[in-house]
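J.: A structural model of the following input is requested.
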Amino acid sequence: MLQTYYLIFLSLLIKDSFCNYHGPFLLWGHNNLEHENLPALEAMNERSLTLMYSEAKAIILFVRNGTSKLNKENFPNFSSMISQNRWVYLPQEHLPAEPVDFNSNVEVITLVGPASQQDIELGALYRDAVSTYGEGKVLGILSTQAEENHYIYKRDVSGDEGEEEEEEGEEKEEKENKDEEKGKTEIESANLENKKGKEKNEKKGREEEIEEETEEIEKMDHVYLAKKNKSLLYTTVDPIFTWEFNDKPEVFNLSQHGDVTSDERKEYVRLIIHFKLDNNKLYVRIRFPLSGGYWSISEAEVEYRETKVVLPLISKSPSAPIGFSYKCAHNELVFQNGSTSLVIKDYQVEPVLKEGVGKFSDAYDCVDFTTVPIWSGIFVTALITGVTFIGILALMDIKTPNRFESSRSKQLTFTVQE
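T.: Numbering: from 1, shown residues only. Next up is the predicted model:
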């Protein structure tokens, strides 16, 4: 009973600690922020925020305590850090959902001291969390500490002295409110400028990526090696893609490919291949479930002409222990959903390569042990062994005579019956 009361008290205490901050908020670092394209000064909906909370491995809530302007001059390390990550600015006063309600690994850090000290502490703590939980897995939230309400106390004084003190208190409160509003306005304008600069850099980066993809897309080989040597697929012929367009199936040979990446999760790995097809982008995402120390293939997701289709594997699924590849020359990988299909022939694949090694490990082959040539060899061997054994038994059954004629012995006689 006491333990139950203690847990209730502890949860109320934690929630109370989360009420001592307010917006505006700056979110950065998590992979899900790449899909959030919020218009300027628009609040994030609760569903997107709670989903991000639950998928993050760790959440660090930084509560900034001070009046220093949040700009590049006062926070150079923080500015450099968020420029390398996807970030979102939320102008709202309060978050629609608290992080502690959806994630058990939440840490609240109050930043104190001058701006330079806050900048160093913020960057160091966030980098430590990223090194522990991984890139893109940690959600950082920057907020402002809530200030206590200001009250004006009147003293029992007579005449003009009390009125003057009351007016001074009101003027002081009004001045503090103006300073606070001015600070928020400066933070919003600085963040808007940063966002515009980041969007400009992202646009420039996308243009450079398109140019690089245009150069890389001309690869004509059949080696699909993911970046950082994480996954590998090899075929001897072009994969065949069938797509229904205007109620008419079209068949394409996927001969040109660009970037190949790998998405590693705890329960599965996805090999993502970018093909070029009729001046359109085609993305193929092959899913490899991981279970019991083995990997297999379950489905492929195809994205073409802004349409995504999941193609289940209808042929025999390859399977091998993690750390081994799978090779098959006479069977095909057939992914199909209705009239849309993807066929891969004569392939070898390994979703989880050994670290730093960009080549296949030892391979499991799809050829069964008891094939027709093997059965023929076993039958011929058994036949020859049987004939030889029977011949040896016949030779051993021959009886030789044990008496012989001589000048000193009686003549041998044999009785023959007709």
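
J.: Might you report the residue contacts of Val251?
T.: Shown in contact with Val251 (CB atoms under 8 Å, 6 or more residues apart in numbering): Ile240, Phe241, Thr242. C-beta: built from backbone N, CA, C; applies to glycine.

J.: I meant His94, not that one.
T.: Listed by CB under 8 Å, 6+ apart, the contact partners of His94 are His22, Gly23.

J.: Check whether Glu135 sits in a helix, strand or coil.
T.: Secondary structure state of Glu135, per DSSP: H, G, I helix; E, B strand; the rest coil, is coil.

J.: nope, Ser104 is what I meant
T.: At Ser104 the chain is in coil, as set by three-state DSSP.

J.: Leu326 reaches Ala363, doesn't it?
T.: If you look again at residue 326, you'll see it is Tyr, not Leu. Yes - because the distance of 6.6 Å satisfies CB atoms under 8 Å, Tyr326 is recorded as touching Ala363.

J.: TSV for the contacts of Val251, including pLDDT, distance to Trp295 and secondary structure?
T.: Shown next, in TSV, are the contacts of Val251 (pLDDT from 0 to 100; distance: CB to CB, whole Å; DSSP: H, G, I helix; E, B strand; the rest coil):
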residue	pLDDT	distance to Trp295	secondary structure
Ile240	92	24	strand
Phe241	92	24	strand
Thr242	92	26	strand
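
J.: who wins for most neighbours among those?
T.: In terms of neighbours by other CB atoms under 10 Å, these top out with Phe241 at 22 neighbours.

J.: Wait, that one touches Phe252, no?
T.: Yes - taking contacts as CB under 8 Å, Phe241 lies within contact range of Phe252: 4.7 Å.

J.: joint contacts of the two?
T.: Common contacts of Phe241 and Phe252 (CB under 8 Å, 6+ apart): Leu277.

J.: Would you map the helices across this structure?
T.: Read by DSSP state H, the chain holds these helices, from start to end of the chain: 2-17, 46-55, 76-83, 115-133, 160-216, 372-396.

J.: Work out the gap between stretch 259-273 and the centre of the chain.
T.: When distances are taken as CA atoms, centre = their mean, to the nearest Å, stretch 259-273 is centred 7 Å away from the chain's centroid.

J.: Tell me which residues of that stretch come out buried.
T.: By 16 or more other CB atoms under 10 Å, the buried positions in stretch 259-273 come out as Asp259, Val260, Ser262, Tyr268, Val269, Arg270, Leu271, Ile272, Ile273.

J.: what about it, start to end distance?
T.: Distance across stretch 259-273, first residue to last, is 6 Å (CA to CA, to the nearest Å).

J.: just to revisit the earlier point, ok, the buried residues of stretch 259-273 vs Tyr347, which is closest?
T.: Proximity to Tyr347 was ranked across these by CB to CB; first place goes to Leu271, at 11.8 Å.

J.: got the contact list for that closest one?
T.: Going by CB under 8 Å, 6+ apart, Leu271 touches Tyr224, Ala226, Ser231, Leu233, Val260, Ser262, Arg285, Ile286, Phe288, Pro351.

J.: Pick out the most distant pair among those.
T.: Comparing every pair within the contacts of Leu271 by CB to CB identifies Val260 and Phe288 as the most remote, at 14.1 Å.

J.: Could you report the neighbour count for Thr236?
T.: Residues lying near Thr236 (other CB under 10 Å) number 10.

J.: Next up, the contacts around it.
T.: Neighbour list for Thr236: His222, Lys345, Asp346, Tyr347 [criterion: CB under 8 Å, 6+ apart].

J.: And the third one, how far from Leu233?
T.: Applying CB to CB, to the nearest Å, one obtains 12 Å for the distance of Asp346 from Leu233.

J.: Which one's more surrounded, the two?
T.: A side-by-side neighbour count of Asp346 and Leu233, using other CB under 10 Å, places Leu233 first with 23 against 15.

J.: Can you give me the separation between the residue nearest to the more buried one when sequence neighbours are not counted and Leu142?
T.: In this structure, Leu233 finds its nearest non-sequential neighbour in Tyr224, 4.2 Å apart by CB to CB, 6 or more residues apart in numbering. Distance of Tyr224 to Leu142, computed by CB to CB: 40 Å.

J.: for Pro249, same thing?
T.: Look at Pro249 and Leu142: by CB to CB, they are 53 Å apart.

J.: Over to Val108?
T.: 12 Å.

J.: between Tyr326 and Ala363, what contacts are shared?
T.: Ala320, Gln348.

J.: Look at these two and report which has more neighbours.
T.: The residue with more neighbours, out of Tyr326 and Ala363, is Tyr326; 21 against 15, by other CB under 10 Å.

J.: How about the contacts made by the more buried one?
T.: Pro318, Ser319, Ala320, Gln348, Val349, Glu350, Ala363, Tyr364, Cys366.
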